[in-house]
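In: Sequence plus the predicted model coming up.
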Amino acid sequence: MKICELQQIIHNEIPKYTAESWDNVGLLIGDESTEVTGVLTTLDCTEEVIDEAITYGINTIICHHPLIFSGIKQINAGGYGNVMCHAIKHDIQVIAMHTNLDNYKYGVSYMIGKQIGLKDQTILLRESRKLCKLQLFVPNDHAAQMKGALAQIGAGQIGEYAHCFYTTEGTGEFMPLSSANPFVGKKGEIHYEQEMKIECVFEPQLRQQVEKVIMDVHPYETPAYDIFEYDVPADYGTGTIGKIEEMKVHELAEILKDKLDIPSVKVIGNLNAQLTSISIIGGAGVSYMDQIAGRADVFLTGDIKYHEAHDLLMKGQIAIDIGHYSEYVMREGLKAIIHGLIPEITVIASTTNTNPFNEI
């Protein structure tokens, strides 16, 4: 399997277009035509992680945090330059899955929730997305061929169902003008044809392909069709929310330290408050505090600053800072996802600790 094929399969499940506009995801170092010898999943790509991949005979690293984030003008010795040179020297391909993995319905926040035993998880802040709807009028005898051609390019897919169409029979009416080259009917005469109205939805990025299929397959010189674009709730978004057995905040803090294997957490709010619901945004999610305040009894995230903690108190939102490195659970989580999608490929979760902090 080549890198391009690996990415296509993964991005069909966790699309690149769900990443934030400021992000840098996809193949950052490497060649799409390279044969994959195995995949190593990691939170961060460091020289030590690259050495780990080399030891396992693996040539592809999928990291959560992009090694290359903003525009670079030079790759020199020292710092991140060393990491990039080390990867290139040993023909290691580096793929980043950052906010597209965050926004995935079973992404990093969900993985943290699963690790701590959170039940009935759903997306915390669901995104909206664009969807297109097609209305196409085609002669009855050509309806099946048209639907087949549209389905082949991915139109008419809703969730886990393909070939989703609705058809209505009716009578088409038109008069070919003198310069027309009609499939049916005569120039200068009104013609009536039994037609089907075919309706289906499709992703906006398929629009050019859909219109090409219509022009290639439709028998009429000038097909009649409409395409509408509208917003629908997406099956992806930020964070997760779920239920947990009733307990006090300080009891949850101890569970978090145990389940996430972290030495300490910082609690903002009443330690003795009772809780049954938890919201989570992995990494640094405190910027969403206005949107999540009051949604759950306690909010878990990382990198909460001093004044942000006071802001949470003012909003009456109990929160626990579990640190940014708690996202490391994505190593096993992403391994399981890739193994489910491509069982024949070797996937190993990195065991290298890339936490930049030592707590003493």
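Out: Structure received. Numbers count the residues shown, from 1 in each chain.

In: The helix or strand hosting Ile337 - contacts with which helices or strands?
Out: Per DSSP states H and E: Ile337 is located in helix 330-341. Applying 3 or more Cβ pairs under 8 Å, 6 or more residues apart in numbering; DSSP states H and E, we find helix 330-341 packed against helix 3-13, strand 39-42, helix 108-115, strand 347-349. No exception for glycine: its C-beta is placed from N, CA and C like everyone else's.

In: where exactly do the strands run in the stretch 151-300 of the chain?
Out: Using DSSP state E, counting those that start in this stretch, the strands of the stretch 151-300 of the chain run over residues 166-174, 191-202, 224-248, 266-268, 274-280, 298-301.

In: For Leu252, give me its contacts.
Out: 244, 275, 278, 298, 320 (Cβ atoms under 8 Å, 6 or more residues apart in numbering).

In: Identify the bridge partners of the second one.
Out: Residues in a beta bridge with Leu275, per DSSP bridges, are Met247.

In: Figure out which of the helices and strands packed on helix 330-341 is closest to Val217.
Out: helix 3-13 (24.7 Å; Cβ to Cβ).

In: Rounded mean pLDDT for the closest one, please.
Out: Here helix 3-13 scores 97 as its mean pLDDT.

In: That helix versus helix 330-341: what angle between them?
Out: Going by axes from the mean of the first three to the mean of the last three Cα atoms, to 10 degrees, helix 3-13 is angled at 100 degrees with respect to helix 330-341.

In: tell me the angle the helix holding Ile337 makes with helix 108-115.
Out: Counting by the same axes, to 10 degrees, helix 330-341 lies at 100 degrees to helix 108-115.

In: Could you measure from Gly302 over to Cys4?
Out: To Cys4, Gly302 is 34 Å away according to Cβ to Cβ, to the nearest Å.

In: out of these two, which sits in the more crowded spot?
Out: Gly302 (21 against 13; other Cβ atoms under 10 Å).

In: you'd agree the more buried one is up against Ile320?
Out: No - counting by Cβ atoms under 8 Å, Gly302 stays clear of Ile320, with 9.8 Å between them.

In: so the nearest residue to Ile68 once chain neighbours are set aside, which of the three states?
Out: Nearest-residue entry for Ile68: Leu28, 4.9 Å, with adjacent residues in sequence omitted and distances by Cβ to Cβ, 6 or more residues apart in numbering. The three-state assignment at Leu28 reads strand, by DSSP: H, G, I helix; E, B strand; the rest coil.

In: Pull the number of nearby residues for Leu28.
Out: Neighbour number of Leu28 under other Cβ under 10 Å is 19.

In: I'd say it and His65 touch.
Out: No - in this structure, Leu28 is not within contact of His65 by Cβ under 8 Å, at 11.0 Å.

In: Highest mean neighbour count out of the strands of the stretch 151-300 of the chain?
Out: The highest average neighbour count among the strands of the stretch 151-300 of the chain, using mean count of other Cβ atoms under 10 Å, belongs to strand 298-301 at a mean of 27.

In: what's stretch 200-213 in contact with?
Out: Contacts of stretch 200-213 (Cβ under 8 Å, 6+ apart): 17, 130-134, 146-147, 149-150, 153-158, 164-166, 227, 229.

In: Just the C-alphas of it, formatted as CSV.
Out: Extracted in CSV, the C-alpha atoms of stretch 200-213 (Å, rounded to 0.1, in the frame of the first residue of the first chain):
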residue,chain,number,x,y,z
CYS,A,200,-30.5,13.2,-4.2
VAL,A,201,-28.0,14.9,-2.0
PHE,A,202,-24.2,15.1,-2.4
GLU,A,203,-21.2,16.7,-0.9
PRO,A,204,-20.3,20.2,-2.3
GLN,A,205,-16.8,19.0,-3.4
LEU,A,206,-18.6,16.6,-5.9
ARG,A,207,-20.4,19.3,-7.7
GLN,A,208,-18.2,19.4,-10.8
GLN,A,209,-18.3,15.6,-11.1
VAL,A,210,-22.1,15.6,-10.7
GLU,A,211,-22.5,18.1,-13.5
LYS,A,212,-20.1,16.2,-15.7
VAL,A,213,-22.1,13.0,-15.2
